[in-house]
Structures are given as structure tokens and as C-alpha cells.
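# starting from these lines, generate the structure:
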Amino acid sequence: MDKANIDGTVEWVFDVQGKIGDEANKWYDFIRDEVSPAVRQRLGSKPIFRHDKSVLPLKAADLYA
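As a prediction, this is how the structure comes out:
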């Protein structure tokens, strides 16, 4: 984002992963606390998990894959 001169934050939306997604989400606060302030300001809220049929970018990623 810095190289492309894009302002804002990144909101993380992943395909539903069940228990492994829940476990990964528990690490978010730890990771956020350990990165540099420049990176931390780009991170949005904790990742959310949605079904790929209800989120357009996830649909696109599935089609591309």
C-alpha cells in the first residue's frame, strides 16, 4: 500500500475454515502487537470468515483457482 500510495486499512475476509480459522484468528492480536507501527496502522479489525458464495472477492478467488 505504501509503494502504491494507497491510504486506508486492510480488512481481512476469508472463506469459512471451521476450527482452524478460529485458531488462526486467535493469533491476530499477538501478531498485530509484534509488527512495526507502520504496519499496525494498516491492519484493520480481526479477520472474519464468510461463505465464499456470499462474498464477491471470495467467489472471484475460487473462480481464479
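# can you tell me what sits against the host helix or strand of Asn25?
Asn25 is part of helix 19-26 when elements are defined by DSSP states H and E. Residues outside helix 19-26 that contact it (C-beta atoms under 8 Å, 6 or more residues apart in numbering): Phe14, Gln17, Lys46, Pro47, Phe49. Yep, even glycine has a C-beta here, placed from its N, CA and C like the rest.
# give me the number of residues near Met1?
Met1 is flanked by 11 other residues according to other C-beta atoms under 10 Å.
# oh, I was asking about Arg42
What Arg42 shows, counting by other C-beta under 10 Å, is a neighbour count of 14.
# show me where the chain has strands.
13-15, 48-50 (DSSP state E).
# by contact count, what packs against the first one?
Looking back up the chat, that one is strand 13-15. strand 48-50, helix 56-64 (3 or more C-beta pairs under 8 Å, 6 or more residues apart in numbering; DSSP states H and E).
# returning to that earlier point: which of the strands of the chain sits closest to Asp62?
With C-beta to C-beta, the closest approach to Asp62 among the strands of the chain belongs to strand 13-15: 7.8 Å.
# partners of that closest one in the sheet?
With DSSP bridges as the test, strand 13-15 is paired with strand 48-50 (parallel).
# can you list the buried residues in the partner strand?
Going by neighbour count (16 or more other C-beta atoms under 10 Å), the buried part of strand 48-50 is Phe49.
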